[in-house]
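K.L.:
have a look; sequence and predicted model below, questions after that.
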Amino acid sequence: TCNMHQGWPKLTQNLWYATPDSGLAALVYGPSQVQAKVADGVEVCFTEATTYPFSETIHFKFTSSKPVVFPLHLRIPGWCAKAQALINGDHFDDYKGGQIIRIHRVWQNNDALELILPMTVRISRWWDAAAAVERGPLVYSLRLGESWKWIESQDKWGDYWEVHPTDDWNYGLLEEAVKNPEQGFKVVQQDPAPMTPWNLQDAPVKIMTKGKRIPEWQLYQNSAGPLPWSPVTNLQDEPTVELTLVPYGCTTLRITEFPVVR
């Protein structure tokens, strides 16, 4: 944790790269601007506007004092089934995920490039057949209210904060939703995305779904006890409730691997 504050500067410094073919590469996406020399030493600028990883569109604006030929390399993540590139509003090409593409062309001043990385809800399966919910590059967790308490301690570690849930946490996802994510999960986005996205109050994306509380799944040594084996089949009389999932990075307390309830 002593290096935690280095995360954002290091992310920013690694958004753009020079390439051996006298071009540029955007391999990590985020709002930014880069000035660099390409081709035979021509100075150019790309301004990148996006709310990725919460939204799926990345806008690049190119400026230069003159037309210049060089390649722009872009990363298409492995989770993306088919990406799309538009140049000046016109369709340019489609790309499969899991590769770095190369757009080699004559770039003109004020050219606009849009990279669209469609994000769908996906389910991955984990220990004891638990299910995790993913969308784009992010993993989602159950939204739990938090109660923070300052603890004065006499041990060598000093005072500290405790955080406890104010909501029930022992829920499973409905099997019908897990088997059909397109129908079983609804994505709700804030527009515009907030400037401080990584907290419960400002989560830019929420995923709504249905689940059931699992009464026998209780705390064990102040943590969630062992996961019930999925599918849980004895909850026919338990009511179905609406659950809200938010990006994992917005949470302090979290359930991320869910039992599946039949």
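P.N.:
Everything's here; your move.
K.L.:
contacts only, for residue 24.
P.N.:
16-18, 34, 36, 38, 44, 46, 70-73 (CB atoms under 8 Å, 6 or more residues apart in numbering). (Glycine included, C-beta is placed from N, CA and C.)
K.L.:
kindly recompute the last result at 10 Å.
P.N.:
The neighbourhood of residue 24, defined by CB atoms under 10 Å, 6 or more residues apart in numbering, consists of 16-18, 34, 36-38, 44, 46, 70-74.
K.L.:
are any of those buried, and if so which?
P.N.:
16, 34, 38, 44, 46, 70-74 (16 or more other CB atoms under 10 Å).
K.L.:
save those residues as a markdown table, and put in secondary structure and distance to residue 238 too.
P.N.:
Shown next, in a markdown table, are these (DSSP: H, G, I helix; E, B strand; the rest coil; distance: CB to CB, whole Å):
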| residue | secondary structure | distance to residue 238 |
| --- | --- | --- |
| 16 | strand | 51 |
| 34 | strand | 54 |
| 38 | strand | 61 |
| 44 | strand | 60 |
| 46 | strand | 53 |
| 70 | strand | 60 |
| 71 | strand | 57 |
| 72 | strand | 53 |
| 73 | strand | 51 |
| 74 | strand | 47 |
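K.L.:
any chance of those residues in a markdown table, plus distance to residue 187?
P.N.:
What follows is the buried ones among the contacts of residue 24, written out as a markdown table (distance: CB to CB, whole Å):
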| residue | distance to residue 187 |
| --- | --- |
| 16 | 29 |
| 34 | 31 |
| 38 | 37 |
| 44 | 36 |
| 46 | 29 |
| 70 | 37 |
| 71 | 34 |
| 72 | 29 |
| 73 | 29 |
| 74 | 24 |
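K.L.:
quickly name whichever of those is closest to residue 152.
P.N.:
Comparing the buried ones among the contacts of residue 24 against residue 152 with CB to CB picks out residue 16 as the nearest, at 47.2 Å.
K.L.:
so what's the closest one up against?
P.N.:
Residue 16 neighbours (CB under 10 Å, 6+ apart): 24-28, 32-36, 46, 48.
K.L.:
coming back round to it: residue 239: which of the buried ones among the contacts of residue 24 is nearest?
P.N.:
Closest to residue 239, out of all of the buried ones among the contacts of residue 24 and judged by CB to CB, is residue 74, at 47.0 Å.
K.L.:
quick revisit: in TSV: the contacts of residue 24, plus pLDDT and distance to residue 211.
P.N.:
Converted to TSV, those look like this (pLDDT from 0 to 100; distance: CB to CB, whole Å):
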residue	pLDDT	distance to residue 211
16	97	42
17	96	43
18	96	48
34	97	44
36	96	49
37	96	54
38	97	51
44	97	50
46	98	43
70	97	51
71	98	47
72	98	44
73	98	42
74	98	37
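K.L.:
what two of those residues have the greatest distance between them?
P.N.:
Of all pairs drawn from the contacts of residue 24, the widest gap by CB to CB lies between 37 and 74 and measures 19.4 Å.
K.L.:
pretty sure residue 100 is touching residue 28, no?
P.N.:
No. Using CB atoms under 10 Å, residue 100 is not in contact with residue 28, being 11.9 Å away.
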